[in-house]
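**Student:** With the input below, show me the fold.
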Amino acid sequence: MADYEFPQDLRYSRDDEWVRLEGSRVTIGISDYAQNQLGDIVFAELPETGMNVAQGEAFGVVESVKAVSELCAPVGGKVIAVNESLADSPEQINASPYADGWMAVMECPDVGEFAELLDADAYRAYVAERDDPA
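**Tutor:** Below you'll find the model as predicted:
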């Protein structure tokens, strides 16, 4: 398996999004594994501020030179901010998926959904399982 970065302070979805919990707010992006699988990202369509999104619902799209992939909300909530800089510089997702490449911040009324997500070790095992062709 390639050497992917999975910060321990984040939670991860089986759809390859990461989530950082700060009080009742969550910041969301795609994992290092996901950006690597997609290749060079050339476009990101993010949700509108104020949009309500249910857990598991598509809330945006990333397009790379290889594929178009939906972003699925790892938790439900109301979008309160989006990373506007990705419109002009979507490559930030590849260069810095956990910092400059964040996609949205949501107010999350049910932080219990956060607890249902995979921790870094469980996500690493999940990625290894998919990354291993055997």
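**Student:** How confident was the prediction at residue 36?
**Tutor:** On the pLDDT scale, residue 36 is placed at 95.
**Student:** May I ask you to confirm that it is in contact with residue 4?
**Tutor:** Yes - look at residue 36 against residue 4 with Cβ atoms under 8 Å: they come within range, at 6.6 Å. (Glycine included, C-beta is placed from N, CA and C.)
**Student:** which residues are common contacts for those two?
**Tutor:** When contacts are counted by Cβ atoms under 8 Å, 6 or more residues apart in numbering, the set common to residue 36 and residue 4 is empty.
**Student:** Outside of the lengthiest helix in the chain itself, list whatever touches it.
**Tutor:** Looking across the chain with DSSP state H, the single longest helix is helix 120-131. Residues outside helix 120-131 that contact it (Cβ under 8 Å, 6+ apart): 1, 2, 4, 6, 7, 8, 10, 12, 14, 31, 33, 118.
**Student:** Off-centre distance for that helix?
**Tutor:** 15 Å (Cα atoms, centre = their mean, to the nearest Å).
**Student:** now stretch 61-68
**Tutor:** Computed by Cα atoms, centre = their mean, the chain-centroid distance of stretch 61-68 equals 14 Å.
**Student:** For that stretch, list every residue counted as buried.
**Tutor:** For stretch 61-68, the neighbour count (16 or more other Cβ atoms under 10 Å) marks 62, 64 as buried.
**Student:** In TSV, list the contacts of helix 120-131 along with neighbour count, secondary structure and pLDDT.
**Tutor:** Shown next, in TSV, are those (neighbours: other Cβ atoms under 10 Å; DSSP: H, G, I helix; E, B strand; the rest coil; pLDDT from 0 to 100):
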residue	neighbour count	secondary structure	pLDDT
1	11	coil	53
2	10	coil	69
4	18	coil	94
6	19	coil	97
7	14	coil	98
8	7	coil	97
10	21	coil	98
12	25	strand	98
14	13	coil	97
31	24	coil	98
33	24	helix	97
118	20	strand	98
